[in-house]
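Q: I'd like to go over a predicted model; first the sequence, then the structure.
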Amino acid sequence: MSETPHEKVARLGRLRREGGVLHDYRAPRWDEPFIMEQGLPGERGVLVPLAEDDVTAAVGEAADYIPEGMRRGAAPDLPEMSQYQVLRHYLRYSQMTLGMDLGSDISEGTCTMKYSPKMHEELIRGHKSADVHPWQDEETMQGLLEIVYETGQYLKSISGMDAFTLQPGGGSHAVFTNACVMRRYFEAKGELDQRDEMITTIFSHPCDAATPMVAGFKVITVMPDENGYPDLEAFQAAVSEKTVGCMITNPEDTGIYNPQIDKYVEVLHDAGALAFTDQANANGILGYARARDAGFDACHFNLHKTFSSPHGCEGPATGAYLCTDELARYLPVPMVTRVGDAYHLDYDRPESIGRVRGFLGTWMGVIRAYAWIRNLGPEGLKEVAEISVLNNNYLDNLLMAVKGVSRPYAEGHRRLDQVRYSLEQLKEDTGVGTEALRDRMVDFGIQSFWMSHHPWVVPEPFTPEPCETYSKDDLDEWAAVIKKGSDEAYADAQFVLDSPHAQPIDQLRRIEAMEDPKEWAFTWRAYKKKILRRT
Amino acid sequence: MVRGALEGAAVKKLGLVVNPVAGVGGRVGLKGSDGPEVLRRALELGAVRDAPRRARLALERLARVREHIEIITWPVEMGEDEARAAGFEPSVLGSFSDRRSYVLCEAERTGGERPHIACEDFVQTTAADTEQAAHELLDAGVDLILFAGGDGTARNICDAVGQRVPVIGVPAGVKIHSAVYATTPAAAGDVAALFLHERPAAVRLREGEVMDIDEEAFRENRVSANLYGYLSVPYARGLTQSAKAGGVAGEERALNDVATEVIRDMSPGALYILGPGTTTRTIMTRLGLDKTLLGVDAVRDGALVGKDVTEGDLLRLLETHFEAHVVVTVIGGQGHILGRGNQQISPAVIRRVGTAGIIVIATQTKLLSLEGRPLLVDSGDPALDAELRGYAKVVTGLGERTMYKVGV
Ligand SMILES: Cc1ncc(COP(=O)(O)O)c(C=O)c1O
């Protein structure tokens, strides 16, 4: 049989590899100053033409349109640069990152970094989407409302819930919305004075603890039992007449699916409390497990993650929140509804918690999710789950053969979409721990892996998640990089501890400074004040 | 340039003390190695001396910063041998005469009978040597003392140097109930390398409890444990303990949060009995009061009503207080919340307060450093211990509780 194009690329690639890794990878190294340090007075990138005299005569000066109190007294202190200098600056910076589409994102466990088809960008950048204005009448944006509404219907069947909102601007935001909905529910029942404790687990995402606290609750964390499940006895002991509910992930960060999750929900319901599950990363369960079937009252999905949009830094995120009819009356306004063939923005919901974000939230994420779901169909969604679980377990076999790697908890049980491994043995044997290995893997053009949320329950942790996107070659390469790092650690630990060797910047030598507000600077102004003034 | 300045170019001094017979009793089932009789019995039962090897494991990790540290130690197996084996050229203080062959010393002590030991003869050292060595290292101006031993060794060092110089322990004894050890010998080497040269700023000092467990009683399965004192212990991410909660700075914040939470929940007119420990001390500090670090204090409405109290004092105080709480934290490295260093909080006191009145506090890092092992209660009353068994809602932060298993 003749070689497929994919096989050919893989074969040619392998010729340049040793031990399955790109051994002579070199990242571009530009010694690029901050943009605020660049430029010359008077230099300009774009010269904006002044308005013609008759235009000014007719409508006045542009500056007059700005309310007095909002006008600057002095020009902002921005760098003055030509266009090509600005372009060059940012291209250099972008070359010095391991860009998303340049390699694989297997490293980013708990983030479900799958490939987002580029076709989706066409959909959201075309004039039909991009020109929509939040203040348009609803009759003039029926198409967009239909997409929001239909996406909501799909997510309802995927989760088994009755009602939805796609307004939250991120996963944590949807989780926060849940805390607010639960709060309103008990307020309406007159039980808010009695109930002020939310239960979560240590392996759930930190937002499941942080957001109920912002909503005014106390938070009780349950630790894992020997099998890595949340300790059911501890869970029972935590639940009382003070309990609001739970906010937990399943599978948790460990990748272990808790098959008894309905028991936990039952304990809550028996105490009159509510149950929410955080399904930000639903890759392992799509089409196989529905939150409603386990008894949950509410759940959420990150559309940026499971449903195509990339999980960026504060990026174009959408948290889809779903709940039962019982909680639906508290959902944020406006709700997108359908009457006959027309779609509406329904503000007439007196018990709503109110708005959580402007307009329809991040509707770009909704369009991507809509296209993704429509393209795959129900069978395709199940296949996504199957392939991501298969990919994860294939990778697991390779990683468990690497010296120094272990997989705490639930011996003999398979994980779903991700695994939290430990490098404790490697560290004990060689001094190379997870932070050092992270610094080494980028020398092979592979994104450094995600270790763990805080606190580290698993010592020296790392958490890969291959998703359905990646090919066998990608998985082989990823595992080979980990093996290479381990081999090197046992042969010459110092070399690994000094890495990276092929990257534009050196390792962070003072991580502790990032924990100290006196030492960090996130803006140029702060940098000038805290760092430059010192030297 | 920046790097040199940050990492400290000067050569740092590391003091090294090895107790070569630490841990000997454990291998043969004796609960400790204190006292010549126990040591002899252990050696005659075939015990091997493992502490020197453990010290070496730590020192091998330090080899990578060899040019930047100078080791100052005592002769032969009290440090010199181990340092040389790991490739260092140590400065050696003190001296031992030939007379200190263990076998000869034993023969002399027992009036002639030579012990039949399985290992080779070695230089006899005593607790007084450890103390003397620690004293001299302090005088020599060392930046850190690394010792290999157990709780007995830790006590000797505590007596000699207190908190005047940082100390890190290589766990090598039978009893390692104190909270002054790195998780493994290699980790002790790593934390020393970070502290002395690689990333001093990544390391903070914390007060680690030194425990005093009476071996005699321990061997008879009676535990009489006191909180003996504190050493100043360097503490780095993942090395002195198994987890990190937002780094070392985060740990101080977490401690403050725990204290704030307890104070916020205090009921007017109620008595609060605060057990020993640095976590409970934070509460007193925030109330503007002085804590008896090794003892129990009592407060009401933010004011001190009992300082360094006994069980009797507590029972008297409880007669006049309708509502009372006991605030305890993890003492030592084993996870005890009752029965170690806080025996004043006796079964009678707890009965009077009521088990629901017990408030357990600890940072999440501290809980995680138990690596899944339960919190322990050993109040002296088995029936009470059984009642306390189950789960505690440990106060771990502002508005935060962690369900944690309590065992016996
Ligand atoms: C399980 C889980 N829940 C919630 C979130 C929060 O999502 P976001 O980053 O959009 O706020 C994440 C994201 O990392 C997650 O993994």
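A: Thanks, I have the structure now.
Q: any low-confidence regions in the chain?
A: Went with chain A since none was named. A:1, A:14-16, A:312-315, A:509-512, A:535 (pLDDT under 70).
Q: You answered for a different chain; I wanted chain B.
A: Low-confidence segments of chain B, defined by pLDDT under 70: B:1-9, B:27-34, B:97-99, B:214-225, B:237-249.
Q: could you show me where the strands are in the stretch 401-535 of chain A, in order?
A: Taking DSSP state E, counting those that start in this stretch as the test, the strands found in the stretch 401-535 of chain A are A:421-422, A:461-462.
Q: now swap in the stretch 1-150 of chain B and tell me
A: B:12-18, B:69-73, B:91-92, B:144-149.
Q: now the strands: where do they sit in the stretch 251-400 of chain B?
A: So, for the stretch 251-400 of chain B - with DSSP E, counting those that start in this stretch - the strands run B:271-274, B:297-300, B:303-306, B:324-329, B:336-338, B:358-361, B:375-377, B:390-397, B:400-407.
Q: I'd like to know which of those lies nearest to B:N256.
A: Closest to B:N256 of these, according to C-beta to C-beta: strand B:390-397, at 9.6 Å. The C-beta positions use only the backbone N, C-alpha and C, and glycine is treated the same way.
Q: the inter-axis angle of that closest one versus strand B:324-329?
A: For strand B:390-397 against strand B:324-329, the angle by axes from the mean of the first three to the mean of the last three C-alpha atoms, to 10 degrees is 80 degrees.
Q: Now distance to chain A and mean neighbour count too, for the strands of the stretch 251-400 of chain B, in TSV please.
A: Conversion of the strands of the stretch 251-400 of chain B to TSV gives the following (distance: least, C-beta to the nearest C-beta, whole Å; neighbours: other C-beta atoms under 10 Å in any protein chain shown):
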stretch	distance to chain A	mean neighbour count
strand B:271-274	20	28
strand B:297-300	23	22
strand B:303-306	27	15
strand B:324-329	17	24
strand B:336-338	16	26
strand B:358-361	13	24
strand B:375-377	11	24
strand B:390-397	4	22
strand B:400-407	4	21
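Q: In a markdown table, list those along with distance to the ligand.
A: Putting the strands of the stretch 251-400 of chain B into a markdown table (distance: least, C-beta to the nearest ligand atom, whole Å) gives the following:
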| stretch | distance to the ligand |
| --- | --- |
| strand B:271-274 | 38 |
| strand B:297-300 | 41 |
| strand B:303-306 | 45 |
| strand B:324-329 | 31 |
| strand B:336-338 | 32 |
| strand B:358-361 | 29 |
| strand B:375-377 | 29 |
| strand B:390-397 | 20 |
| strand B:400-407 | 18 |
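Q: What separation do you get for the closest residue to A:C467 other than its chain neighbours and A:P466?
A: Nearest non-adjacent residue to A:C467, counting by C-beta to C-beta, 6 or more residues apart in numbering or on different chains: A:K114, 4.1 Å away. Distance of A:K114 to A:P466, given as C-beta to C-beta, to the nearest Å: 9 Å.
Q: These two: which is more packed in?
A: Between A:K114 and A:P466, A:P466 has the larger neighbour count (other C-beta atoms under 10 Å in any protein chain shown), namely 31 against 24.
Q: Residue of the stretch 101-250 of chain A closest to the ligand, please.
A: Residue nearest to the ligand within the stretch 101-250 of chain A (C-beta to the nearest ligand atom): A:G171, separated by 2.2 Å.
Q: Now do the same contact list for that residue.
A: For A:G171, the contacting residues are A:H205, A:C207, A:D278, A:A280, A:H300, A:N302, A:H304, A:K305, A:A317, A:G319, by C-beta atoms under 8 Å, 6 or more residues apart in numbering or on different chains.
Q: Next up, the contacts around the second one.
A: The reference is to A:C207. By C-beta under 8 Å, 6+ apart, the contact set of A:C207 is A:G171, A:S172, A:V175, A:F176, A:D278.
Q: burial count for the closest residue to chain B within the stretch 401-535 of chain A?
A: Nearest residue of the stretch 401-535 of chain A to chain B: A:P455, at 3.9 Å (C-beta to the nearest C-beta). A:P455 has 20 neighbours, counted by other C-beta under 10 Å.
Q: before we move on, what about B:R340?
A: B:R340 has 27 neighbouring residues, counting by other C-beta under 10 Å.
Q: buried stuff in stretch A:132-146?
A: A:M141, A:L144, A:L145, A:E146 (16 or more other C-beta atoms under 10 Å in any protein chain shown).
Q: cool, stretch A:11-26 as well?
A: Buried residues in stretch A:11-26, defined by neighbour count with 16+ other C-beta under 10 Å: A:R17, A:G20, A:V21, A:L22, A:Y25.
Q: chain center to the helix ranked longest in chain B, what's the gap?
A: Using DSSP state H to define each element, chain B has its longest helix at helix B:247-264. What separates the centre of helix B:247-264 from the centre of its chain is 21 Å, taken as C-alpha atoms, centre = their mean, to the nearest Å.
Q: and stretch B:255-262, anywhere near chain A?
A: No: Stretch B:255-262 does not reach chain A (C-beta under 8 Å from any C-beta of the partner chain); its nearest approach is 9.2 Å.
Q: can you count the residues close to residue 155?
A: Just going to use chain A. Using other C-beta under 10 Å, A:L155 has 23 neighbouring residues.
Q: Hmm, no, I was thinking of chain B.
A: 23.
Q: go on, A:D53?
A: 8.
Q: Next one: it from A:S129, what distance?
A: According to C-beta to C-beta, A:D53 stands 38 Å off from A:S129.
Q: what does chain A put close to the ligand?
A: Contact residues, chain A versus the ligand (C-beta under 6 Å from any ligand atom): A:110-111, A:170-172, A:175, A:205, A:207, A:249, A:278, A:280-281, A:302, A:317.
Q: what's the most distant pair in those?
A: A:T249 and A:A317 (17.3 Å).
Q: re the thing from before, for the residue of the stretch 401-535 of chain A closest to chain B, give its distance to the ligand.
A: Using C-beta to the nearest ligand atom, to the nearest Å, A:P455 is found at 16 Å from the ligand.
Q: Would you check that that residue makes contact with B:S369?
A: No: when contacts are counted by C-beta atoms under 8 Å, A:P455 is not listed as touching B:S369 (10.1 Å).
Q: ok, A:S308 - how many residues close by?
A: Neighbours of A:S308 under the rule other C-beta under 10 Å: 22.
Q: so what's it up against?
A: By C-beta under 8 Å, 6+ apart, the residues touching A:S308 are A:K114, A:S116, A:P117, A:H120, A:R368, A:A369, A:A371, A:W372.
Q: give me the element the fourth one is part of.
A: In this case it means A:H120. Secondary structure assignment for A:H120, by DSSP states H and E: helix A:119-125.
Q: How about residues contacting that helix?
A: With C-beta under 8 Å, 6+ apart as the test, helix A:119-125 has contacts from A:S129, A:A130, A:S308, A:S309, A:M364, A:I367, A:R368, A:A371, A:W372.
Q: on that earlier part again, the residue nearest to A:C467 against A:E468, yeah?
A: Yes: the pair A:K114 / A:E468 is scored as a contact, 6.4 Å apart, by C-beta under 8 Å.
Q: Next up, the contacts around residue 151.
A: Since you didn't name a chain, this refers to chain A. Listed by C-beta under 8 Å, 6+ apart, the contact set of A:T151 reads A:L166, A:A320, A:V366, A:A369, A:Y370, A:I373.
Q: ah, I was thinking of chain B
A: Contacts of B:D151 by C-beta under 8 Å, 6+ apart are B:G173, B:K175, B:I176, B:H177, B:S178, B:V210, B:M211, B:D212, B:I213.
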